[in-house]
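S.K.: Pasted the sequence and its predicted model underneath.
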Amino acid sequence: MKLITAIIRETQLDKVREALIEADIKRITVCRVSGHGQQRVEEMYRGQIIIPDLIPKIKIEIAVNESFVDITVNTILKSARTNGPEGSVGDGKIFITPLEQCIRIRTGEKGGSAI
Amino acid sequence: MQKTSLVDLAITPMKFNWKRTLITLGLFFAGTIGLFAANNTPIDSGATAWMLTSTALVLLMVPGLALFYGGLVRTKNVLGTMMHSFVAMGIISILWVTVGYSMSFGSNVLGGWFGWNPDYFLLKGIDTNIMSAGIPEYVFSMFQGKFAIITPALIAGAIAERVSFKAYFFFIAIWSILVYNPLCHWVWASDGFLFNIGAKGAIDFAGGTVVHISAGVSGLVAALFLGARRGYPYQVIRPNNMVIVMLGAGLLWVGWFGFNAGSSISSGLSTAQALVATQVAAAAGALVWIIIEWVHQGKATALGFASGILAGLVAVTPAAGVVQPYGAIILGVLASIICYMAIQLKNKLGYDDSLDAFGIHGVGGIVGALFLVFFIRPSWMQEAAIAAGGSWTVWNQLGVQAIAVGTAVVYAAFMTFIIIYLLNKVVPFKATEEEEMAGLDRSYHGERGYGMLNAN
């Protein structure tokens, strides 16, 4: 089992969700986060340009069995890119971490079938 | 609008008055400049005070609408949607004093398409005018200007979350000139053709046809032209802040007292009649809407209550001057039932009138303008019978109302389509997919509504 964590642009959330659902990956956790990578976003308040040091992003977390890792990653890669297939700075990152255990609260089921 | 001719109100025929003449002469020989005052009707300070208050109350409806619409859209569009209302306060205010007041309340030109009066250009000729109602014409022109502001702002509800800000900016300016001003002239100017149709004219006390039907129908046309928002209807599109929606609905209810009771252009009996009708119609509409929801969906929602308030207020707008409280209650009830069904139907048909500008303002306005005939107070019908030279029935008046409604629907729909079609060739009307996904706030304004949602 793996935990796939992706940091994506706020604007791409709808597209990523739609693509994941199309690939039959429907279980997902989403939260708003702030972070800093290579991207600079300029905002304007009363004519003054302000460069925030932390940029709003969306973090999505998906726990998957081994056989779903590749399709999940590929789907996110395709749908989270902006500016065509070459992408642009700020499109985000994907982290994959081993997942030790998964337990469904309702039944107490453990392991791959609980995902 | 009260059924006294507005141009008659504007021109104040000087009746020969010995006492005033003597005083004037006295002032003149005393070396004081009393001539300007003598040329005018005395100011009725009570009426003027109420009209000033009403003018402010109607303006309060625009930020009210901004809150109402702003809360209903998604987080990424809250500022862009509020700006649709706010920018109307800027654009239309300037247009109104430049050409709007003249086109609306000047004398017929171009076969009565709209009015014109060179004195009204930048209001330069009314600096010292006191209307026969006893209020400065400045007050009347500003009061009317607020109606011109809120009407295009209502349209924004139909095209929320996907209209380009630049296109909207130009659209409401052109729409105000070509749709609002002529309609306002036909219905409320003393030589407007709907003002003079039938025995006592088409009844539109405070703007059922001019404001709500025209905005609702134009919104529908614009929504159909633009197409749906990305992801509509399968994607959940939830209001970002129901608390500001309720605040906005509350401000609209309060402001509506200026809108309706102010439309008596006086401070007296007809003001009181309109005030009561407004209160009970809003209450009846709100209650019926949540009762329908209780029965139909099992829960009475806050948004349902707010929608019912609006449906009731919209329906009583054309009627406030002629119906008694029981009639206003029935209009509120009918408006909520029919608007509720219209929105259910919209969901089935699948077109994207985002915030139900047509479903509530268009449909509610038509309900009010037509059904009001069954509740007109007897004294009005007697006056109409005398004016018609014998008899005047409810059905005669229904025919007149139907002509007014039909005119507003056809004219608003046709002109809106032409304006959008041509404007779209110069300034694309719809946001690009990228702009829509990023949200209007970031794409067009470079800001975010809720900075506190993210650490930064």
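M.R.: In hand now; what should we look at?
S.K.: and residue 56, which of the three is it?
M.R.: Since no chain was named, I'll use chain A. strand (DSSP: H, G, I helix; E, B strand; the rest coil).
S.K.: and it, what are its bridge partners?
M.R.: Per DSSP bridges, the residues bridged to A:P56 are A:S34.
S.K.: give me the element the closest residue to chain A within the stretch 151-300 of chain B is part of.
M.R.: In the stretch 151-300 of chain B, the residue that lies nearest chain A is B:G231 (6.0 Å; CB to the nearest CB). (C-beta placed from N, C-alpha, C; glycine too.) Assigned by DSSP states H and E, B:G231 falls within no helix or strand.
S.K.: Give me the nearest residue to it, chain neighbours excluded.
M.R.: A:D14 (6.0 Å; CB to CB, 6 or more residues apart in numbering or on different chains).
S.K.: confidence score at that neighbour?
M.R.: Note on A:D14: pLDDT of 88.
S.K.: repeat for B:N40
M.R.: For B:N40, pLDDT reads 61.
S.K.: now do B:F28
M.R.: For B:F28, the pLDDT comes out at 41.
S.K.: Stretch A:9-21: which residues count as buried?
M.R.: A:9-13, A:15-20 (16 or more other CB atoms under 10 Å in any protein chain shown).
S.K.: Dump the longest helix seen in chain A to CSV, restricted to CA.
M.R.: In chain A, with assignment by DSSP state H, the single longest helix is helix A:69-80. Taking C-alpha atoms only, helix A:69-80 is exported to CSV below (Å, rounded to 0.1, in the frame of the first residue of the first chain):
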residue,chain,number,x,y,z
VAL,A,69,0.0,3.5,-8.0
ASP,A,70,1.0,4.1,-11.7
ILE,A,71,-2.4,5.0,-13.0
THR,A,72,-3.0,7.4,-10.1
VAL,A,73,0.4,9.1,-10.6
ASN,A,74,0.0,9.3,-14.4
THR,A,75,-3.5,10.7,-14.1
ILE,A,76,-2.4,13.5,-11.7
LEU,A,77,0.6,14.3,-13.9
LYS,A,78,-1.6,14.7,-17.0
SER,A,79,-4.4,16.7,-15.4
ALA,A,80,-2.4,18.9,-13.0
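S.K.: Just checking: what are the partner strands of the very next helix or strand once past it?
M.R.: Per DSSP H and E, the first helix or strand lying C-terminal to helix A:69-80 is strand A:92-98. Sheet pairing for strand A:92-98, assigned by DSSP bridges, gives strand A:2-8 (antiparallel).
S.K.: neighbouring contacts of the strand it pairs with?
M.R.: Residues outside strand A:2-8 that contact it (CB atoms under 8 Å, 6 or more residues apart in numbering or on different chains) are A:16, A:33, A:35, A:57-64, A:66, A:69, A:72-73, A:76, A:80, A:91-99.
S.K.: what inclination does whichever helix or strand comes after it have with respect to helix A:69-80?
M.R.: Sequence-wise, the next helix or strand downstream of strand A:2-8 (DSSP H and E) is helix A:13-22. Angle of helix A:13-22 versus helix A:69-80, following axes from the mean of the first three to the mean of the last three CA atoms, to 10 degrees, is 150 degrees.
S.K.: and the stretch 201-350 of chain B, which residues reach chain A?
M.R.: Listed as neighbours of chain A in the stretch 201-350 of chain B under the rule CB under 8 Å from any CB of the partner chain: B:230-231, B:235.
S.K.: that older thread, the residue nearest to B:G231 reaches B:R229, doesn't it?
M.R.: No. If you go by CB atoms under 8 Å, A:D14 and B:R229 don't touch, sitting 10.7 Å apart.
S.K.: pLDDT below threshold where in chain A?
M.R.: A:41, A:50-53 (pLDDT under 70).
S.K.: again, 80 this time
M.R.: Where chain A drops to pLDDT under 80, the residues are A:37-53.
S.K.: circling back: could you pick out which of the buried residues of stretch A:9-21 are near chain B?
M.R.: Filtering the buried residues of stretch A:9-21 for proximity to chain B by CB under 8 Å from any CB leaves A:10-12, A:15, A:18.
S.K.: out of those, who's nearest chain B?
M.R.: The closest of those to chain B turns out to be A:T11 (CB to the nearest CB; 4.4 Å).
S.K.: so where do the strands sit in chain B?
M.R.: Along chain B, the stretches classed as strands by DSSP state E are B:107-109, B:114-116.
S.K.: Just the buried ones from the contacts of strand A:2-8?
M.R.: By 16+ other CB under 10 Å, those give A:16, A:57-60, A:62-64, A:72-73, A:76, A:80, A:91-92 as buried.
S.K.: Going by distance to B:K430, which of those wins?
M.R.: Nearest to B:K430 among those: A:V16, at 23.0 Å, using CB to CB.
S.K.: so B:L313 touches B:V254, yeah?
M.R.: No. Using CB under 8 Å, B:L313 is not in contact with B:V254; the gap is 10.8 Å.
S.K.: neighbour count winner among the two?
M.R.: With neighbours defined as other CB atoms under 10 Å in any protein chain shown, B:L313 and B:V254 compare such that B:L313 has more, 32 against 13.
S.K.: and the more buried one, what does it touch?
M.R.: B:L313 neighbours (CB under 8 Å, 6+ apart): B:252-253, B:256, B:260, B:278, B:281-282, B:285.
S.K.: Looking at chain B, which helix is longest?
M.R.: helix B:394-426.
S.K.: Give the buried residues for stretch B:236-247.
M.R.: So stretch B:236-247, judged by 16+ other CB under 10 Å, has buried residues B:237, B:239-241, B:244-247.
S.K.: surely B:I135 meets B:I265?
M.R.: Yes. Shown here, B:I135 and B:I265 form a contact pair, counting by CB under 8 Å, at 7.2 Å.
S.K.: hang on, the earlier thing: by neighbours, which of the contacts of B:L313 wins?
M.R.: Neighbour max across the contacts of B:L313 (other CB under 10 Å) = B:A281, 35 neighbours.
S.K.: Kindly reformat the strands of chain B as CSV containing mean pLDDT.
M.R.: Formatted as CSV, these follow (pLDDT from 0 to 100):
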stretch, mean pLDDT
strand B:107-109, 92
strand B:114-116, 94
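S.K.: Tell me which of these is the most buried.
M.R.: strand B:114-116 (a mean of 23; mean count of other CB atoms under 10 Å in any protein chain shown).
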